[in-house]
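> Sequence and predicted structure are below.
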Amino acid sequence: MTLSSRCSLSHGAPPLADDRQWTAELAAVSAGLAKPTAILIVSAHWEAAPLTLAATETVPLLYDFWGFPERYYQVQYAAPGAPELANQVRKLLHSPATPVYDDPYRGLDHGAYVPLKEMYPEADIPVLQVSMPTLDPKQLFDIGRKLAPLRDQGVLIVGSGFTTHNLRAVNLGGPADAAAPSWSIEFDDWAKRALAKQDVDSLIDFLHKAPAAGIAHPRTEHFAPLFVSLGASEDSLGTAETVVDGFWYGLSKRSWQIG
């Protein structure tokens, strides 16, 4: 039986790929894992209900950002599609109450390809992106639970968001390593401690339990992918370890590997 890990990654905007520390940390994560048979990724940048599967063939990337230098729009990541994994996901998730749709023309968005390009630069592992049909943490956790059997087949399940994410409350015109604001530090520390205690209930209720939650996440789409990873890892949360920490323009880059 082949087992694989689950990761929750802070993916960043495309310029985060210029951060040598971050790219080295992601490369170290993948180097410490058995090579996955496939990767299933949930990104903060794709909300679609019902739950939808992206292209299962290699199609152009989705450059879902604006105002950046041209070189960021020239990045390529032609990973193979994952039709077999898509079939498995349909079987695990589909029911009369929860249909599964397909979007055969949707390429990987930057929440998917930016971190994967650093982890697996050869782009030789089949990748399937799955939408978030809701931002409700409990429902996303339950989706992760249903996907948990994929780990027995060596599938790496990745939730890609950002541990704190409020672009209006940070100075993007300043240095990337500027001191983080107190709300970002407090929320980051709370999330770290809550996961270390395996306090899933508090994490799911983070808007009420975490300090400065409404500032750290004025909209919750960047924290939401974590819950798919947690649900898929329910039986091994005690193995969770931080693999990336620190701040980027005041936003927490904290990322976890579980299992």
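Now that the structure is in, tell me what you want to look at.
> quick one, helices of the stretch 1-150 of the chain?
All helices of the stretch 1-150 of the chain, identified by DSSP state H, counting those that start in this stretch, fall at 20-31, 83-93, 110-119, 137-147.
> distance of residue 238 from residue 195?
Using Cβ to Cβ, to the nearest Å, residue 238 is found at 10 Å from residue 195. Using the backbone N, CA and C atoms, a C-beta is placed for each residue, glycine as well.
> Who has more neighbours out of those two?
Using other Cβ atoms under 10 Å, the more surrounded residue of residue 238 and residue 195 is residue 195, with 22 against 11.
> who touches the more buried one in this structure?
Residues near residue 195 by Cβ atoms under 8 Å, 6 or more residues apart in numbering: 203, 237, 240, 256.
> Likewise for residue 28?
Residues in contact with residue 28 (Cβ under 8 Å, 6+ apart) are residue 243.
> Let me know which of the helices of the stretch 1-150 of the chain is tucked in deepest.
Sort the helices of the stretch 1-150 of the chain by mean neighbour count, taking mean count of other Cβ atoms under 10 Å, and helix 110-119 sits at the top with a mean of 26.
> how about the CA coordinates for it, as PDB?
What follows is helix 110-119, C-alpha atoms only, in PDB (Å, rounded to 0.1, in the frame of the first residue of the first chain):
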ATOM      1  CA  HIS A 110      -2.000  30.400  -9.900                       C
ATOM      2  CA  GLY A 111      -3.100  29.000  -6.500                       C
ATOM      3  CA  ALA A 112      -2.300  25.600  -8.000                       C
ATOM      4  CA  TYR A 113       0.600  26.000 -10.400                       C
ATOM      5  CA  VAL A 114       2.700  28.600  -8.500                       C
ATOM      6  CA  PRO A 115       3.500  26.200  -5.600                       C
ATOM      7  CA  LEU A 116       3.500  23.000  -7.700                       C
ATOM      8  CA  LYS A 117       6.100  24.500 -10.000                       C
ATOM      9  CA  GLU A 118       8.400  24.900  -7.000                       C
ATOM     10  CA  MET A 119       7.600  21.500  -5.600                       C
END
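> Output the contacting helices and strands for the longest strand anywhere in the chain.
Across the chain, the longest stretch assigned as strand under DSSP state E is strand 38-47. Packing partners of strand 38-47 (3 or more Cβ pairs under 8 Å, 6 or more residues apart in numbering; DSSP states H and E): helix 83-93, helix 110-119, strand 127-132, strand 155-161, helix 225-232.
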